[in-house]
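Engineer: sequence and predicted structure are below.
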Amino acid sequence: MNNLLNKFEKVFNKGNGSIYFAPGRVNLIGEHTDYNGGNVFPCALTFGTYAIASKRNDRKVRLYSENFEKLGVLEFSLDDLVYNKKIDWANYPKGVIWAFENNGYKINQGLDILYRGDIPNGAGLSSSASIEVLTGVILKDLFNLDVSMIDIVKFSKLAENKFIGVNCGIMDQFAIGMGKENCAILLDTNTLKYDYAPVKLDNASIVIANTNKRRGLADSKYNERRAECEKALEELKSKLQINSLGELTEEEFEKNSSLIDSDIRRKRAKHAVYENRRTLKAVEALKNNDIKTFGRLMNDSHISLRDDYEVTGLELDTLVDLAWNQKGVIGSRMTGAGFGGCTVSIVENDSIDDFIKNVGDKYKEKIGYEATFYVAKIGDGARKIK
Ligand code: GLA
């Protein structure tokens with residue numbers, strides 16, 4: 001923390017900033033359901049993004065990230081809240097300021113903010129949503145805004161959708177804003193009703209493995225999957241009175257799936273429907289301390305994402321296959337958008353060292369570069385530290 005304060009002083013030539021934190025997130029189950037009116041079950045992590053911030057007396061916003069030191073201080077004016085490729089990552093905070101302004105909140109003074117994240121970039125642990133929600137928390141605090149965390153979550157998603165141009169659902173921002181220590185959040189993305197469920201894994205832990213694969217076409221493929229689901233929904237609506245795929249049971253879907261006029265779209269919709277129901281079953285199992293069933297449902301989720309939704313790929317499938325064959329693994333699946341990024345596994349504590357060694361070695365042998373492993377702890381949502 002002192003390091004960060006010194007850096008702030010050095011970069012911005014002033015002391016006395018306030019300190020803030022927003023976590024990253026991992027999703028335990030309920031993947032690609034959050035834009036289909038379905039359930040998700042993510043949790044906030046203890047690692048994330050820190051920031052030091054203070055107001056300025058002009059209308060300039062000056063931002064610096066220790067993760068992108070080469071880019072130096074990136075600057076824009078509050079009178080120019082439009083996307084600008086040249087300021088790179090700073091478009092995320094800029095988009096959040098834009099979203100606040102768009103919702104009637106006046107940001108009438110500039111800001112200096114220093115960011116430092118310990119979430120690996122592009123790993124699907126939501127480093128960008130973390131910066132967004134963090135910026136929202138800073139704005140609320142420094143400008144004394146009467147804005148709820150749920151609104152900060154919504155404005156952060158709006159920034160991502162309309163300012164950055166990624167058509168994501170609300171899961172990441174929600175988990176980051178509303179996270180709670182040792183709990184995952186069952187969120188119904190249709191109604192935004194949510195419930196905390198303690199993650200009691202007895203003598204096991206959550207292990208995240210990063211494929212370290214560059215996620216090249218991820219955004220366009222993501223938007224493609226969304227469009228496929230939307231089209232499938234339209235086809236189902238020719239007979240059914242529904243507003244989202246999340247409203248269907250497995251049986252209702254099977255009875256009506258022939259309304260969907262393409263094998264591919266039928267598979268996509270099938271994943272959305274089954275994954276949604278699977279999420280509820282998994283939360284039920286966790287509440288009943290039935291971790292074995294929870295793990296099996298995680299495995300089923302991966303198979304569905306691999307075969308029906310087709311968002312895994314060689315690297316993720318390799319990590320998951322290797323995990324499934326390790327002693328002490330209760331369940332393993334890809335997490336996040338897919339096409340690279342991370343897997344999440346539940347591993348018995350006694351087996352974690354062997355898990356990391358064996359899966360790591362074999363992954364490197366097959367893929368040619370290393371995976372990175374983290375034993376994850378579930379932490380609280382975004383907040384002011386001091
Ligand atoms: C990304 C998006 C989320 C969600 C997941 C897939 O993380 O940002 O909204 O759709 O992919 O579950």
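Structural biologist: Arrived safely. Since we're looking at a predicted model, the values are computed, not measured.
Engineer: where do the strands of the stretch 151-300 of the chain begin and end?
Structural biologist: 183-188, 193-198, 204-210 (DSSP state E, counting those that start in this stretch).
Engineer: now mean neighbour count too, for those strands, in JSON lines please.
Structural biologist: Heads up, the C-betas are built off the backbone N, CA and C, glycines and all. Below are those laid out as JSON lines (neighbours: other C-beta atoms under 10 Å):
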{"stretch": "strand 183-188", "mean neighbour count": "23"}
{"stretch": "strand 193-198", "mean neighbour count": "14"}
{"stretch": "strand 204-210", "mean neighbour count": "22"}
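Engineer: quick one: closest of these to the ligand.
Structural biologist: For these, proximity to the ligand was assessed by C-beta to the nearest ligand atom; strand 183-188 is nearest, at 11.0 Å.
Engineer: can you redo the strands of the stretch 151-300 of the chain as JSON lines with distance to the ligand and mean pLDDT?
Structural biologist: Shown next, in JSON lines, are these (distance: least, C-beta to the nearest ligand atom, whole Å; pLDDT from 0 to 100):
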{"stretch": "strand 183-188", "distance to the ligand": "11", "mean pLDDT": "98"}
{"stretch": "strand 193-198", "distance to the ligand": "15", "mean pLDDT": "98"}
{"stretch": "strand 204-210", "distance to the ligand": "14", "mean pLDDT": "98"}
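Engineer: closest to residue 131 out of the ones you listed?
Structural biologist: Across these, residue 131 has its closest neighbour in strand 204-210 (18.6 Å, C-beta to C-beta).
Engineer: what is the biggest strand by length in the chain packed up against?
Structural biologist: For the chain, the strand that runs over the most residues, judged by DSSP state E, is strand 39-55. Judged by 3 or more C-beta pairs under 8 Å, 6 or more residues apart in numbering; DSSP states H and E, strand 39-55 is in contact with helix 2-12, strand 18-29, strand 111-117, helix 127-142, helix 171-178, strand 183-188, helix 263-287, strand 372-376.
Engineer: try it again with 7 Å
Structural biologist: If contacts are counted by 3 or more C-beta pairs under 7 Å, 6 or more residues apart in numbering; DSSP states H and E, strand 39-55 sits against helix 2-12, strand 18-29, strand 111-117, helix 127-142, helix 171-178, strand 183-188, helix 263-287.
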